[in-house]
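> heads up, no residue letters with this:
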Ligand code: NAD
């Protein structure tokens with residue numbers, strides 16, 4: 001049997017696809033042939049144009065604020081209404097709040113946990129229900145973090161959410177592998193996006209981070225696409241419950 005990275009005929013849902021890593025993942029999946037539902041609270045115009053340019057699958061924008069569970073069922077139903085299917089879910093949308101642990105507020109705790117963990121779980125549940133109901137295979141890819149493995153500083157709710165996401169990935173893999181759903185995660189290292197702008201603008205933190213990355217540069221969002229295509233494609237059908245670092249070697253140090 002030939003190894004396949006082809007996503008033709010598949011439909012993917014990518015949350016937070018308007019910018020950064022989510023945009024790069026959406027473009028990579030479309031380039032591999034998937035139709036991609038771009039889910040988020042901001043305009044998807046840039047990503048729609050990039051998907052069209054990639055020349056593979058089509059895109060559909062779905063407006064949704066993922067800080068509550070209100071849009072969960074709608075995201076799945078609007079996707080299925082569009083192409084008749086939803087095969088791949090990339091839980092990418094995420095936020096970060098920075099403050100010393102000693103000063104951290106309940107609001108910053110709840111906001112991060114709601115987007116990064118709670119909505120991820122219930123969107124995954126809705127996605128899995130429609131697949132299991134039809135007896136079809138599927139793939140869930142959670143965007144974790146190096147903070148799924150390490151502590152970090154000044155980001156208590158973010159570290160808790162991403163460490164929790166690694167655990168959730170393993171639990172869902174254990175429950176759903178036998179039902180034909182692969183649940184895995186990608187742990188991006190330090191990538192140039194809005195999420196890391198504060199770090200890159202701080203000369204000391206920027207130098208310290210760069211000095212620890214064996215590859216010698218901040219990741220560019222496009223450098224994440226290959227891992228996403230792999231975990232979405234038939235090539236990874238026997239891969240369950242992993243958290244795959246794409247980090248320029250950071251964790252190897
Ligand atoms: P980003 O801030 O550019 O993108 C975050 C995305 O999430 C945006 O599309 C944003 O609109 C969306 N989002 C946030 N809150 C939302 C809400 N309530 N409803 C709908 N969409 C919402 O940052 P990014 O770096 O591209 O982050 C993408 C994912 O990658 C996040 O989960 C982040 O934690 C993770 N990550 C990033 C890095 C990095 O170095 N950039 C490293 C590890 C993990």
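Structure received. Please read these numbers as outputs of a predicted model, since none were measured by experiment.
> give me the three-state assignment for the closest residue to the ligand within the stretch 51-200 of the chain.
Closest contact between the stretch 51-200 of the chain and the ligand, by CB to the nearest ligand atom, is at residue 94 (2.3 Å). All C-beta spots, glycine's among them, are computed from the backbone N, C-alpha and C. Using DSSP: H, G, I helix; E, B strand; the rest coil, the three-state assignment for residue 94 comes out as coil.
> so after the lowest-mean-pLDDT helix or strand in the chain, what's the next helix or strand?
Every helix and strand of the chain was ranked by mean pLDDT, DSSP states H and E. The lowest is helix 197-200, at a mean of 92. Under the assignment DSSP states H and E, the closest C-terminal helix or strand after helix 197-200 is helix 203-212.
> next, please give the residue ranges for the helices of this protein.
20-31, 45-54, 72-83, 106-113, 119-134, 156-176, 197-200, 203-212, 225-232 (DSSP state H).
> so which bits of the stretch 101-250 of the chain are right by the ligand?
Taking CB under 6 Å from any ligand atom, the part of the stretch 101-250 of the chain that reaches the ligand is made up of 115, 143, 145, 188, 190, 191, 193, 194, 195, 196.
> got the contact list for the nearest residue to residue 117 once chain neighbours are set aside?
Closest residue to residue 117 in three dimensions, ignoring its sequence neighbours and counting by CB to CB, 6 or more residues apart in numbering: residue 161, at 4.7 Å. When contacts are counted by CB atoms under 8 Å, 6 or more residues apart in numbering, residue 161 is found next to 94, 112, 113, 116, 117.
> same question for residue 121.
Under the contact definition (CB under 8 Å, 6+ apart), the residues listed for residue 121 are residue 168.
> pLDDT score assigned to it?
Predicted confidence (pLDDT) at residue 121: the value is 99.
> for residue 188, grab the count of nearby residues.
Other residues within reach of residue 188, judged by other CB atoms under 10 Å, total 26.
> any idea which strand is longest in this structure?
If you go by DSSP state E, the chain has its longest strand at strand 181-188.
> quick one, that strand and helix 20-31 angle?
Between the axis of strand 181-188 and that of helix 20-31 there is an angle of 130 degrees, by axes from the mean of the first three to the mean of the last three CA atoms, to 10 degrees.
> sheet-wise, list the partners of strand 181-188 with their directions.
In the sheet containing strand 181-188, its partner strands are strand 138-143 (parallel), strand 243-246 (parallel), by DSSP bridges.
> pipe the ones you listed into JSON lines and attach mean pLDDT per row.
Putting the strands paired with strand 181-188 into JSON lines (pLDDT from 0 to 100) gives the following:
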{"stretch": "strand 138-143", "mean pLDDT": "98"}
{"stretch": "strand 243-246", "mean pLDDT": "98"}
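> all set now, cheers.
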